[in-house]
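[1] Have a look; sequence and predicted model below, questions after that.
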Amino acid sequence: KLKIRYDPQTDSPYVPNLKQVDVTELAEVIKLLAVANRNRIVDKTLMNAESSRSHMIMTLNIEQTLKDGTVKRSKLNFADLAGSETYEKAMGGGVVDRKKVEELKTINLSLTNLTTCINFLSKGRKASYRSSQLTFYLMDSLGGNSKTTLIVAASPHVFNRSETVRTLRFAKTAKSVKNNAKVNKELSKAQLMALVKKLQKENKKLKARVALFEAELLKNGIELPAASDQSDAKKKHKRADST
């Protein structure tokens, strides 16, 4: 069973001890995608000559360093999901294959959990991503800081009408989910130093204004509270808030 963990530092799920390969060009990504595709379980059914009997997910982590030193980080999830099928249509009559029955039940259950999750998100409600491994791993793509593209495969044949209708309804619901994607940007050392200098300059101006106001108060005969009195007042205010 695949173990999925949550990393609080990146606020995203991950799979421990999963092999990661460094790539620098598109051709290398395509090769790895082919490897992932070969690892996917497929089987022949009455509905499909090469039917997916498992989901396939490939994650691509991208780090981009710009000319000004800014670092951009992003993650792409490529997910090829197995379709929902009924045993009668996929396998026909005859002797029941218990292994294939369990296979179908597992696929359909994970897709049901995915549909439920997307239904909640489409209505602006909080979704339970931990209801399945699929929704947990894809939580970034479903309702996180992301942009998601969904491609559905549907058949125009009347024999597959019920499956096609369910698929299109699922796509319509998924389309209504609204995410607010933001750029994951990390400032360079030079940019951070410039920001510190800017804040220091603003702080200096504010201190000058405070000194001006204090001088005006003293000029009008208004005594300023001592620093110890101000700290005592703050403590009393905090105690009042806590009670």
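    Okay, I see it. Numbering: from 1, shown residues only.
[2] In the protein, which helix is the longest?
    Taking DSSP state H as the criterion, the chain has its longest helix at helix 189-219.
[3] Go ahead and measure how far it is from the middle of the chain.
    39 Å (Cα atoms, centre = their mean, to the nearest Å).
[4] Could you confirm residue 61 falls within a strand?
    Yes: the assignment for residue 61 is a strand, going by DSSP: H, G, I helix; E, B strand; the rest coil.
[5] start the count at 34, not 1, going forward
    That works, and once the first residue is 34, the last one we named lands at residue 94.
[6] Who are the contact partners of it?
    The contact partners of residue 94, taken as Cβ atoms under 8 Å, 6 or more residues apart in numbering, are 53, 106-109. C-beta coordinates here come from the backbone N, C-alpha and C atoms, glycine included.
[7] Please tell me how far it sits from residue 55.
    10 Å (Cβ to Cβ, to the nearest Å).
[8] partner residues bridging the residue lying closest to residue 53 once chain neighbours are set aside?
    Once flanking residues are discounted, residue 53 sits nearest to residue 94: 7.9 Å by Cβ to Cβ, 6 or more residues apart in numbering. Going by DSSP bridges, residue 94 is paired in beta bridges with residue 108.
[9] host element of the residue sitting nearest the centre point of the chain?
    Centroid-nearest residue in the chain: residue 173, 1.0 Å away (criterion: Cα atoms, centre = their mean). Counting by DSSP states H and E, the element that carries residue 173 is helix 172-176.
[10] circling back: biggest separation within the contacts of residue 94, which pair?
    53 and 107 (15.6 Å; Cβ to Cβ).
[11] Surely residue 56 is within a strand?
    No: using three-state DSSP, the assignment for residue 56 is coil, not a strand.
[12] higher neighbour count, residue 53 and residue 107?
    residue 107 (15 against 7; other Cβ atoms under 10 Å).
[13] I'd like to know how far the residue nearest to that one when sequence neighbours are not counted sits from residue 118.
    Leaving aside its sequence neighbours, residue 107 sits nearest to residue 95 (Cβ to Cβ, 6+ apart; 4.9 Å). Plainly put, residue 95 is 35 Å away from residue 118 if you go by Cβ to Cβ.
[14] Kindly report the same for residue 227.
    58 Å.
[15] Residue 47 touches residue 37, doesn't it?
    Yes: using Cβ atoms under 8 Å, residue 47 is in contact with residue 37, at 7.3 Å.
[16] and those two? which has more neighbours close in?
    residue 37 (16 against 12).
[17] quick one: residue 93 from residue 185, how far?
    Residue 93 is 22 Å from residue 185, by Cβ to Cβ.
[18] can you check residue 175 too?
    16 Å.
[19] Between these two, tell me which one has more neighbours.
    residue 175 (23 against 13).
[20] Output the helix or strand harbouring residue 167 in CSV with nothing but the alpha carbons.
    Per DSSP H and E, residue 167 falls inside helix 166-170. The C-alpha trace of helix 166-170 is given here as CSV (Å, rounded to 0.1, in the frame of the first residue of the first chain):
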residue,chain,number,x,y,z
GLN,A,166,-5.0,8.4,-1.2
LEU,A,167,-5.9,9.9,-4.6
THR,A,168,-7.5,13.1,-3.2
PHE,A,169,-4.8,13.4,-0.5
TYR,A,170,-1.9,13.3,-3.0
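[21] Render the CA-only coordinates of stretch 192-203 in PDB, please.
    Provided in PDB are the C-alpha atoms of stretch 192-203 (Å, rounded to 0.1, in the frame of the first residue of the first chain):
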ATOM      1  CA  PHE A 192     -23.800   1.600 -25.300                       C
ATOM      2  CA  ASN A 193     -21.600   3.900 -23.200                       C
ATOM      3  CA  ARG A 194     -24.300   6.600 -22.600                       C
ATOM      4  CA  SER A 195     -24.500   6.300 -18.800                       C
ATOM      5  CA  GLU A 196     -20.700   6.400 -18.400                       C
ATOM      6  CA  THR A 197     -20.500   9.400 -20.800                       C
ATOM      7  CA  VAL A 198     -23.200  11.300 -18.900                       C
ATOM      8  CA  ARG A 199     -21.500  10.700 -15.600                       C
ATOM      9  CA  THR A 200     -18.100  11.800 -17.000                       C
ATOM     10  CA  LEU A 201     -19.500  15.100 -18.500                       C
ATOM     11  CA  ARG A 202     -21.300  15.900 -15.200                       C
ATOM     12  CA  PHE A 203     -18.100  15.300 -13.300                       C
END
